[in-house]
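Colleague: Sequence and predicted model, in that order:
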Amino acid sequence: MTKPDPFRYFKTSREIIRLAVMLYVRFPLSLRNVEDLLHERGIDVSHEAVRFWWHRFGPMFASEIRKRRIEGLKSSRWRWHLDEMFVKINGEQHYLWRAVDHEGEVLESFVTKTRDKKAALKFLKKAMRKHGSPEVIVTDGLASYGAALKEIGAEHRQETGRWMNNRAENSHLPFRRRERAMLRFRRMRSLQKFASVHASVYNHFNQERSLSTRTNFKLNRAAALAEWRGLGAA
């Protein structure tokens, strides 16, 4: 059965839509910044069009990336780093839980109003349902992690210690920069949606350039861009 074309009925070309979504999600830009950058390239679209495209195609692109990467990420079951970050929504404090593997891949993002055992357990079950069960789980000293891991019989896999969770702490930085550009979030649902899409796009283009030669970095970057341009293909 032929897969339906998601770009059908859109007057704007799929290449421009992919470019607009990538600029908005990948870089700390506002909708109007993306509109201005496209205008510099001779593309006349409004920031509202960019907003519509990101809402329509962002989750679809992220799902496609996630599906491809999960199939090849068997090594992600070795060590996970778990951490939660504070996010304000309409002045009210919420928590964005994130699971990162030993290579910096953001495996899962999950938004809750609390950071108790119930929230930690729900987050862990969601992550393990998608990615399997890791051999080692590195956390900070939050008691909710220990209680949740004990509930699922994985307390022996937990490791805590000073500096051990820097991998997760550093992975928050790109999202924090993105959060400032968006002037924060207004609803839990929009935060959950953007966090999931941002994580997939960040994984796709993150090349760990400090660990590879310039030649390999350029090859990997070109391959990532070529793969992005093929997303949503019929």
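Modeller: Received it, and whenever you're ready, just let me know what you need.
Colleague: Next, count neighbours for His94.
Modeller: Counted with other C-beta atoms under 10 Å, residues neighbouring His94 total 20. Every residue, glycine included, has its C-beta placed from N, CA and C.
Colleague: That one contacts Lys113, doesn't it?
Modeller: Yes - contact status for His94 versus Lys113: in contact at 5.7 Å, counting by C-beta atoms under 8 Å.
Colleague: residues shared between the contacts of the two?
Modeller: Common neighbours of His94 and Lys113 (criterion: C-beta atoms under 8 Å, 6 or more residues apart in numbering): Met188.
Colleague: Spatially, what comes nearest to Thr114 if we skip its sequence neighbours?
Modeller: If you skip the residues right next to it in sequence, Thr114 has Tyr95 as its closest partner in space, 7.1 Å away by C-beta to C-beta, 6 or more residues apart in numbering.
Colleague: Repeat that for Arg66.
Modeller: Arg66 sits nearest to Ser200 (C-beta to C-beta, 6+ apart), 5.1 Å away.
Colleague: Please name every helix or strand in contact with the strand or helix carrying the one you found.
Modeller: Ser200 belongs to helix 188-205 when elements are defined using DSSP states H and E. Counting contacts by 3 or more C-beta pairs under 8 Å, 6 or more residues apart in numbering; DSSP states H and E, helix 188-205 packs against helix 14-26, helix 47-71, strand 79-89, strand 92-101, strand 106-112, helix 166-181, helix 214-228.
Colleague: CA atoms only: put the third one into CSV for me.
Modeller: If I follow you right, that is strand 79-89. The C-alpha coordinates for strand 79-89 follow below in CSV (Å, rounded to 0.1, in the frame of the first residue of the first chain):
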residue,chain,number,x,y,z
ARG,A,79,24.1,3.1,31.0
TRP,A,80,21.4,5.6,31.4
HIS,A,81,21.7,9.0,33.1
LEU,A,82,18.4,10.3,34.6
ASP,A,83,17.8,13.9,35.7
GLU,A,84,14.9,16.3,36.1
MET,A,85,15.0,20.0,35.3
PHE,A,86,12.7,22.8,36.5
VAL,A,87,10.5,24.4,34.0
LYS,A,88,8.0,27.3,34.6
ILE,A,89,4.6,27.1,32.9
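Colleague: quick one: contacts of that strand?
Modeller: With C-beta under 8 Å, 6+ apart as the criterion, strand 79-89 contacts 93-102, 107, 111, 115, 123-124, 127, 134-140, 142, 145, 165, 167-169, 171-172, 175-176, 179, 184-188, 191.
Colleague: Quick check: ChimeraX command selecting the buried ones in those.
Modeller: If you want just the buried ones from the contacts of strand 79-89 in ChimeraX, going by 16 or more other C-beta atoms under 10 Å, the selection is:
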select :94,95,96,97,98,99,100,101,107,111,115,123,124,127,134,137,138,139,140,142,145,165,167,168,171,172,175,179,185,188,191
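Colleague: Enumerate every residue touching the spatially most central residue of the chain.
Modeller: Residue closest to the average C-alpha location in the chain (C-alpha atoms, centre = their mean): Ala199, at 0.9 Å. Shown in contact with Ala199 (C-beta under 8 Å, 6+ apart): Ala62, Arg98, Val106, Glu108, Ser109, Phe175.
Colleague: Can you give me the pLDDT of it?
Modeller: Predicted confidence (pLDDT) for Ala199: 92.
Colleague: List the neighbours of stretch 106-115 that are in contact with it.
Modeller: Under the contact criterion C-beta under 8 Å, 6+ apart, stretch 106-115 has outside partners 76, 80, 84, 87, 94-101, 119, 122-123, 126-127, 130-131, 142, 144, 171, 188, 191-192, 195-196, 199-200, 202-203.
Colleague: so Pro134, which of the three states?
Modeller: coil (DSSP: H, G, I helix; E, B strand; the rest coil).
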